[in-house]
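Peer 1: got a sequence here, can you model it:
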Amino acid sequence: MKRLVKKIAGTTLVLTMGVSGTALAADIDLTGMSLDELVELQNNIVAEIDSRTNVGKDVIPCGVYVVGTDIKEGSFKLSTDEDNYTDVLVFEDEDTYKTYAADHKAVNPLFSAFVGLSGSTTVNLKTGEVLYIYSGEMIIEESNASWMPDGN
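Peer 2: Just a heads-up that it's a prediction; the model follows:
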């Protein structure tokens, strides 16, 4: 008899938890939340979705990277997901980048690409150059140029 009571109690507990969890998700009262709370909730949801979609992938955030200091020399494929787009630029050195940052028309980058939603580009980086990712984040993969002769 004790076993039957435990079984019924356990089943009731599991069913109650399942129903209350579903009801909780469906009954979130967004109308009672402030704009700041809604924005925070949105940011948390986006962060959780991003963490699940880029699991196991190397992600590089927007910023300025000096090759040989912040990122190693090599050939890299940079990709965006379906929610991001950005510009990718490579400059000869830090001084050239700083000149560009002060006046975009003063110098031209060695490489420039707009990477659209779910797009990609490949960059070949040499020590001393500067990689500039304008906004968002990108998935970065080292390119395997197996077709190239050794030393390239």
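
Peer 1: by mean pLDDT, which helix or strand of the chain comes out lowest?
Peer 2: Scoring the helices and strands of the chain by mean pLDDT, DSSP states H and E places helix 2-26 at the bottom, with a mean of 45.

Peer 1: C-terminal to that one, what's the next element?
Peer 2: Once the chain leaves helix 2-26, the next helix or strand it forms, by DSSP states H and E, is helix 35-53.

Peer 1: other SSEs contacting the next helix or strand after that following helix?
Peer 2: Next helix or strand after helix 35-53 toward the C-terminus (DSSP H and E): strand 59-66. Under the contact criterion of 3 or more Cβ pairs under 8 Å, 6 or more residues apart in numbering; DSSP states H and E, strand 59-66 touches strand 130-142. C-betas here are computed from N, CA, C, even on glycine.

Peer 1: is it true that Asn84 touches Gly136?
Peer 2: Yes: assessed by Cβ atoms under 8 Å, Asn84 is found in contact with Gly136 at 4.0 Å.

Peer 1: the two - which one has more neighbours?
Peer 2: Shown here are Asn84 and Gly136; by other Cβ atoms under 10 Å, Asn84 has more neighbours (19 against 15).
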